[in-house]
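# below is the structure, and that's it, no one-letter string:
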Ligand SMILES: CCCCCCC/C=C/C(=O)SCCNC(=O)CCNC(=O)[C@H](O)C(C)(C)COP(=O)(O)OP(=O)(O)OC[C@H]1O[C@@H](n2cnc3c(N)ncnc32)[C@H](O)[C@@H]1OP(=O)(O)O
């Protein structure tokens, strides 16, 4: 777990050897402690260099170990012994020095970083704080404001920024380990006391209280209800106001509180869920590690609406040449200008030059004959999409992959009109596509493993979190959204207001409640979908009771809002009112209040007081209930995939872990009992009926979410 060598006859080189990221697992901590003892006691050794194998210094504590009791030597004494040693120790940082890895570097007396290395204290993103002295040493080294920013955001920084901040002593383009050995030899005999960061006095700004107060306000606003950034601020305050030993005690107390809060568990679950989600499988046995993706050098995007434009930008900024297609000259010109503007702004922000030379704009599908892959992003209309796919089938070379950005239509029906159904898949981006990280890769029953591997790998290349899903209406994310939205509108009927429902969801941790979010997204989109599926509009049978459709409860309030031309922020009116179209400041609208009151009295509904608890339970338990059905149907491979979809596509609060993790933390038995209760009260809402999988899991003793897969029948798996 750590290799010990003597180099240049007097330097002990300690190499961490724990692939893939040299995490500080128990055996690694043990090996470091033993190696340091050996180096410090060997008279031949005058200096020490610590580095990591395979060009990676250290990715921090082994996060998997957090789930169990501490085994092996605790990290803090191991680190303290390095700093206190009488021989100079140099950290040779290549690849990454993150979390405990960064803290390891901070106890070394010198730090040499490769120019491509990244450093940071990302603990806050795992619901904890840098509790191996990081919160106490970093402020001493670089001052309160810079340390506060790095610790509360968990941001990774480049070696160059680390040099500027005074974190590293030297940056090199050469072998960092060899440079560190040379550096170590030169440091022999120099006094070490000023190099022991724990001995430094924290430079304390005069406006400390104001600074910490401002940071507190900022993190409260940014991460509602999240404890870790607040604990980080308290730890930094301790670094500013207490001696090192007392600060370490405070750091440890804060860490204990976070560890016991449940939020840390949720964040750490998210970390692993994100990595698990990339590991797709198909019923054929093909999977992520036995299927080769094709290299995509050129692509085409059809349709330059909001989605199409975002997709073009996502492709071009990772070096793929893109042909963008529109049906009319004016739309094409408009799209061209928007895409160029987006790419230029993006390049400016990243400090690179915009890859405009990769773009071509055309009105003709004939220009697509040589591209490697096409992403269709036309209007959400099956007949139109089928025409496009038929045309592509004729125009593109037989090996071109044909993908659709549909948000819920049948991908296999599109595959069926082509001459290459095995090369067809869904690539469902989320709006705005160049910003949102989620990509649902929809595996049709005929999609080949190479097609799925290519779509998944292209997603990764574009910086997306790609999740493979089955082909069912709405796929995973939008299929679950429907019952969630339904509950929100049923609650309006029963007596709640949009403000109340939004507040309950925002207090739960969502950045925006469902109605504010709908106003942002545009209410007309859902209205069009409801009209197309026969739920509203002139085609609805007039004999239909007004609050029932297709045999189930239906709430027409969203249609009534749209009928008034209230489409959300873009029209300045929606569930809320805004000062002008495009404004984002939502204000409660008396007209909506009026509409709700009139509606309730028309249908004889006696409004009742609805608690926040009921809002959360009905909206979120029904969301997870649909998630269970999706797992039963084999449309998602595992609960982690569903959670990742909700974290990255629907801004589910990370400290809750995603809808499936959340219900597992509430307790499946309780969720089942509440769903049964609500279903009894609303028997005409089938989505409230507890799913068979939920019942089965409860009957089996409510296993942890990571074990649910074992209880899901795989017969029906589409993945
Ligand atoms: C009083 C109590 C004292 C306790 C003090 C504890 C204080 C210290 C806390 C910490 O250090 S918390 C950990 C901080 N570190 C991180 O958050 C880094 C996490 N890792 C990453 O960001 C990335 O993995 C990476 C290092 C940037 C590499 O990215 P890359 O894309 O190349 O690979 P991945 O697919 O992300 O990872 C590969 C593989 O490795 C697993 N893994 C990564 N980091 C860790 C880790 N720190 N612990 C355990 N496992 C880790 C990851 O899950 C992947 O596994 P597989 O999916 O391949 O199984």
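Arrived safely. This one's a predicted model, so the numbers in the text were calculated from it and none came from an experiment. Numbering: from 1, shown residues only.

# name the residue of the stretch 351-500 of the chain with the shortest distance to the ligand.
residue 460 (9.4 Å; Cβ to the nearest ligand atom). All C-beta atoms are positioned from the backbone trio N, CA, C, and that covers glycine.

# for that residue, helix, strand, or coil?
Assigned with DSSP: H, G, I helix; E, B strand; the rest coil, residue 460 falls in the helix class.

# what is the burial count for residue 461?
Using other Cβ atoms under 10 Å, the number of residues around residue 461 comes to 17.

# quick check: closest non-adjacent residue to it.
residue 318 (5.3 Å; Cβ to Cβ, 6 or more residues apart in numbering).

# ok, now residue 308?
residue 377 (3.8 Å).

# surely that neighbour is in contact with residue 299?
No. Assessed by Cβ atoms under 8 Å, residue 377 is found out of contact with residue 299, at 11.6 Å.

# which of those two has more neighbours?
Between residue 377 and residue 299, residue 377 has the larger neighbour count (other Cβ under 10 Å), namely 29 against 25.

# which residues touch the more buried one?
Contacts for residue 377 (Cβ atoms under 8 Å, 6 or more residues apart in numbering) come out as 301, 302, 303, 305, 307, 308, 311, 405, 429.

# cool, and residue 228?
Contacts of residue 228 by Cβ under 8 Å, 6+ apart are 123, 124, 126, 127, 128, 129, 258, 263, 264, 267.

# does residue 176 touch residue 91 like I think?
No. The pair formed by residue 176 and residue 91 falls short of the contact definition of Cβ under 8 Å, at 9.1 Å.

# so who does the residue most central in space within the chain touch?
With distances taken as Cα atoms, centre = their mean, the residue of the chain nearest its centroid is residue 648 (4.2 Å). Taking Cβ under 8 Å, 6+ apart, we find residue 648 in contact with 430, 436, 437, 438, 465.

# please report how far the first one lies from residue 405.
The one in question is residue 430. As for residue 430, its distance to residue 405 is 10 Å (criterion: Cβ to Cβ, to the nearest Å).

# higher neighbour count, those two?
Set side by side, residue 430 and residue 405 show more neighbours around residue 405, with 27 against 22, by other Cβ under 10 Å.

# give me the residues contacting the strand or helix carrying residue 330.
Assigned by DSSP states H and E, residue 330 falls within helix 329-350. With contacts defined as Cβ under 8 Å, 6+ apart, helix 329-350 is touched by 304, 308-310, 312-313, 316-317, 324, 326, 353-356, 359, 361-363, 434.

# now, which of those lie within strands?
In strands, defined here by DSSP state E, the members of these are 324, 359, 361, 362.

# can you name the residues bridging to the second one?
When bridges are taken as DSSP bridges, the partners of residue 359 come out as residue 322.

# what's around residue 616, how many residues?
17.

# again with the one 4 residues further on
Residue 620 sits with 22 neighbouring residues when counted by other Cβ under 10 Å.

# what of residue 209?
10.

# any buried residues in whatever helix or strand it lives in, and which?
For residue 209, the host element (DSSP H and E) is helix 208-222. Across helix 208-222, burial judged by 16 or more other Cβ atoms under 10 Å covers 208, 211, 212, 215, 216, 219.

# pLDDT on that helix, on average?
What helix 208-222 shows for mean pLDDT is 95.

# now do stretch 164-181
98.

# just how off-centre is it within its chain?
32 Å (Cα atoms, centre = their mean, to the nearest Å).

# what does it contact?
With Cβ under 8 Å, 6+ apart as the criterion, stretch 164-181 contacts 7-8, 11, 13, 49, 51, 90-94, 110-115, 117, 119, 138, 141-142, 146, 157, 159-160, 162-163, 183.

# restricted to buried residues, select those residues in PyMOL.
A single PyMOL command selects the buried members of the contacts of stretch 164-181 (16+ other Cβ under 10 Å):
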select buried, resi 11+13+49+51+90+91+92+93+94+110+111+112+113+114+117+119+138+141+142+146+157+159+162+163+183
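
# residue 57 touches residue 51, doesn't it?
Yes. Shown here, residue 57 and residue 51 form a contact pair, counting by Cβ under 8 Å, at 6.5 Å.

# give me the common contacts of the two.
What both residue 57 and residue 51 touch, as defined by Cβ under 8 Å, 6+ apart, is the set 16, 91, 92, 93, 94.

# beta partners of the third one?
On the basis of DSSP bridges, residue 92 takes part in beta bridges with residue 112.

# that one and residue 107: what is the separation?
Counting by Cβ to Cβ, the gap from residue 92 to residue 107 is 14 Å.

# what residues does the helix or strand that contains residue 247 touch?
Under the criterion of DSSP H and E, residue 247 resides in helix 244-259. Here helix 244-259 makes contact (Cβ under 8 Å, 6+ apart) with 66, 76, 127-131, 133, 135-136, 140, 198-199, 227-228, 231, 234-235, 238-239, 242, 264.

# look up how far residue 154 lies from the one residue in the stretch 601-719 of the chain that gets nearest to the ligand.
Relative to the ligand, the nearest point of the stretch 601-719 of the chain is residue 640 (11.3 Å; Cβ to the nearest ligand atom). Counting by Cβ to Cβ, the separation of residue 640 from residue 154 is 21 Å.

# all good on my end, thank you.
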